[in-house]
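# let me see the structure of the following:
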Amino acid sequence: MLPRSLAGRLVLASLMALLPAACAAVVVMAASLFLASGYLLRAELEHEVAQVGAGLRPTSDGGVAMSLPLQVATLYDAMPADAAYRVVSRDGRVVASSRPGHALDTLAGRRPHGQRVPSWQEGADEIVLEVAEAPVQVGSQEYWVQVAHSRRLVSTLHDHAGELYLKAGGITAILALLTFAVSTYLTTRRLVRPMNEVSRVASGIGPRNLGTRLHSRDLPRELEPLIDAFNATLARLQNGYRVQQDFLASAAHELKTPLALLQAEIELGAANREVLLRDTAVMARQVHQLLHLAEASEGQNYSFAPLRLRPVLADAADYLQRLASRHGVCIVLDDQADDGAAVEADSSAVFVLAKNLLENAVHHAPPGSVVRVELGAGCFAVRDEGPGVAMADRPHLFERFWRGRTGGNGAGLGLAICREICVAHGWSIGLDQDSRPGARFVVCFDTPP
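Here you go, the predicted model:
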């Protein structure tokens with residue numbers, strides 16, 4: 001079970017990373033201690049030979065005197081059966097030696113020749129001796145130093161030292177891990193302190209202060225992308241909130257005018273039935289478009305599935321045939337158009353998209369003209385033969401509640417709804433700049449128009 005705090009997780013991760021390294025160090029230490037006993041014995045013998053040679057001092061009568069360090073002298077005095085040394089002159093005379101014992105007896109009577117003594121018996125126990133020797137120059141005289149150590153002596157000292165080393169290494173590793181854990185925890189707590197401040201600021205952000213932004217100063221560099229992403233999300237929320245507020249204000253303004261007219265006509269008592277029906281129809285259409293825009297702006301309202309576009313476009317064209325007949329316009333679906341591959345889309349939303357484009361084209365097409373629906377590879381288009389769109393009006397085509405110079409009874413939401421549907425599908429919509437005459441709106445699934 002991982003700790004929930006960042007400091008705890010960092011400490012645990014650091015310990016898990018260091019623990020194998022500490023175990024590996026202990027294993028290497030143990031291997032070096034227990035697998036290199038032969039090498040250690042030879043190295044110890046050579047070291048003792050050098051120490052004994054360094055302890056020789058010439059005397060005034062032409063002889064030599066021995067002066068060994070206390071620790072070395074104590075070893076030879078305490079264990080004469082396992083350790084001995086002697087110094088032999090060139091004529092074979094022993095000029096210095098350790099305390100008499102079995103180890104010294106093994107060296108006695110042997111002239112220096114640089115060979116090892118294999119073994120000798122002490123009662124029922126076998127004691128294997130290793131011998132090392134080297135020439136030493138003391139004053140003008142040359143001497144041979146011989147040193148003998150038993151394997152059991154070196155093994156005993158080696159095991160004792162190894163146990164001490166392992167215990168010391170284990171304790172040191174534990175203390176190092178604890179120290180590292182405490183240091184990491186305190187350091188991490190200090191590092192996350194700015195995060196607590198950022199969390200405090202973030203918790204205070206609400207609809208009334210969406211302009212507040214989080215600062216990444218004093219934070220680790222790895223957290224800066226998170227702070228930047230959060231600030232970008234706040235910016236999008238602020239923009240969306242502003243758009244919604246503008247939308248509500250514009251919707252209230254658009255509905256206020258027809259309601260005021262209806263109220264005035266009713267209060268004057270001179271209401272004309274046809275005028276009332278016309279005003280009611282305009283207001284109903286505005287409310288209907290407002291509902292469509294609200295639905296199109298919410299991503300959860302879409303249900304995507306593979307869809308063939310030709311049947312949906314044909315349904316939208318049939319639905320608007322009566323409106324087109326009243327305007328003296330004919331809606332034609334290109335018979336030569338290829339049905340194309342299925343696209344991932346919401347059929348109801350695509351129907352609304354096609355209906356709004358066709359309705360917009362019918363309202364702007366002159367009587368006796370044709371509104372064409374073109375279906376091609378990766379796109380479809382709706383073309384009318386009307387006056388087209390003025391250059392000054394083109395940047396505002398997809399703005400909410402915007403109406404062109406031609407006027408009309410619309411609320412200025414049809415193309416805005418089309419854009420929201422295309423954005424939800426990941427499509428693009430635009431006006432064909434080279435369309436002559438009339439206007440041609442193109443919806444592309446792959447590339448922008």
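
# okay, which residue is most central for the protein?
Compute the mean C-alpha point of the chain, and by CA atoms, centre = their mean the closest residue is Glu222, 8.9 Å away.

# roughly how far does it sit from Ala132?
Separation of Glu222 from Ala132 (CB to CB, to the nearest Å) stands at 60 Å. Where C-beta positions appear, they are placed from N, C-alpha and C, glycine not excepted.

# ok so, going back, got a list of what the residue nearest to the centre of the chain touches?
Listed by CB atoms under 8 Å, 6 or more residues apart in numbering, Glu222 has no contact partners.

# need the phi and psi values for it.
Main-chain dihedrals, Glu222, degrees, to the nearest 10: phi -70, psi -20.

# list the neighbouring strands of the strand or helix carrying Ile429 plus their orientation.
Assigned by DSSP states H and E, Ile429 belongs to strand 428-431. Partner strands and pairing direction for strand 428-431 (DSSP bridges) are strand 440-444 (antiparallel).

# put the alpha carbons of the partner strand into CSV.
Taking C-alpha atoms only, strand 440-444 is exported to CSV below (Å, rounded to 0.1, in the frame of the first residue of the first chain):
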residue,chain,number,x,y,z
ARG,A,440,-21.4,28.1,-51.2
PHE,A,441,-20.8,26.8,-47.6
VAL,A,442,-18.5,23.8,-47.4
VAL,A,443,-18.2,21.3,-44.5
CYS,A,444,-15.0,19.3,-44.6
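
# for the record, mean pLDDT for the strand or helix carrying Thr233?
Element membership for Thr233, per DSSP H and E: helix 224-268. What helix 224-268 shows for mean pLDDT is 73.

# same deal with stretch 329-338?
For stretch 329-338, mean pLDDT rounds to 77.

# just give me the neighbour total for Asp318.
If you count neighbours by other CB atoms under 10 Å, Asp318 ends up with 11.

# helix, strand or coil for it?
helix (DSSP: H, G, I helix; E, B strand; the rest coil).

# can you tell me how far it is from Leu358?
10 Å.

# for Gly169, same thing?
The gap separating Gly169 from Leu358 is 85 Å, by CB to CB.

# who's more crowded, those two?
A direct count of neighbours by other CB under 10 Å for Gly169 and Leu358 places Leu358 higher, at 25 against 16.

# name the element that one belongs to?
For Leu358, the element it lies in under DSSP H and E is helix 347-364.

# list the buried ones in stretch 433-447?
435, 438-445 (16 or more other CB atoms under 10 Å).

# then stretch 345-355?
For stretch 345-355, burial by neighbour count (16+ other CB under 10 Å) applies to 345-347, 349-355.

# how's the protein carved up into domains?
The chain breaks down by automatic domain parsing into domains covering 53-151, 204-271, 299-444.

# out of these, nearest to Glu197?
Closest approach to Glu197 among these is made by domain 204-271 (8.3 Å; CB to CB).

# now do the SS call for Ser303.
coil.

# contacting residues for it?
Taking CB under 8 Å, 6+ apart, we find Ser303 in contact with Asp346.

# ok, now how distant is it from Ile429?
Distance from Ser303 to Ile429, by CB to CB: 21 Å.

# again with Ala78
From Ala78 across to Ile429, the span is 101 Å (CB to CB).

# what about those two, which has more around it?
Ile429 (22 against 10).

# with adjacent residues omitted, what lies nearest to the more buried one?
With sequence-adjacent residues excluded and distances taken as CB to CB, 6 or more residues apart in numbering, Ile429 is closest to Cys422, at 4.5 Å.

# got the angle for the host helix or strand of that neighbour vs helix 347-364?
Assigned by DSSP H and E, Cys422 falls within helix 414-425. Orientation check (axes from the mean of the first three to the mean of the last three CA atoms, to 10 degrees): helix 414-425 against helix 347-364 gives 150 degrees.

# in helix 414-425, what's buried?
Under the neighbour-count criterion of 16+ other CB under 10 Å, helix 414-425 has 414-422, 424-425 buried.

# which parts of the chain are helices?
6-34, 37-54, 70-78, 102-107, 151-203, 224-268, 273-296, 309-319, 321-326, 347-364, 414-425 (DSSP state H).

# elements contacting the fifth one?
The contact analysis (3 or more CB pairs under 8 Å, 6 or more residues apart in numbering; DSSP states H and E) places helix 151-203 against helix 6-34, helix 37-54, strand 129-138.

# between those, which gets the lowest average pLDDT?
Among the helices and strands packed on helix 151-203, helix 6-34 scores lowest, with a mean of 68.

# returning to what we had before: including distance to Leu186, could the domains of the chain go into TSV?
What follows is these, written out as TSV (distance: least, CB to CB, whole Å):
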stretch	distance to Leu186
domain 53-151	44
domain 204-271	16
domain 299-444	46
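
# which one of those domains has the lowest average pLDDT?
Among the domains of the chain, domain 204-271 carries the lowest mean pLDDT, a mean of 74.

# isn't Ile205 right next to Gly211, touching?
No - at 9.2 Å, Ile205 does not count as touching Gly211 under the criterion of CB atoms under 8 Å.

# who has more neighbours out of the two?
More neighbours surround Ile205 than the other of Ile205 and Gly211, with 16 against 9 (other CB under 10 Å).

# dihedrals phi and psi, the more buried one?
Here is the backbone geometry of Ile205 (degrees, to the nearest 10): phi -80, psi 130.

# spatially nearest residue to it, not counting backbone neighbours?
Once flanking residues are discounted, Ile205 sits nearest to Thr212: 5.2 Å by CB to CB, 6+ apart.

# distance of the residue lying closest to Asn231 once chain neighbours are set aside from Thr59?
Spatial nearest neighbour of Asn231, excluding adjacent residues (CB to CB, 6+ apart): Arg213 at 5.0 Å. Separation of Arg213 from Thr59 (CB to CB) stands at 91 Å.
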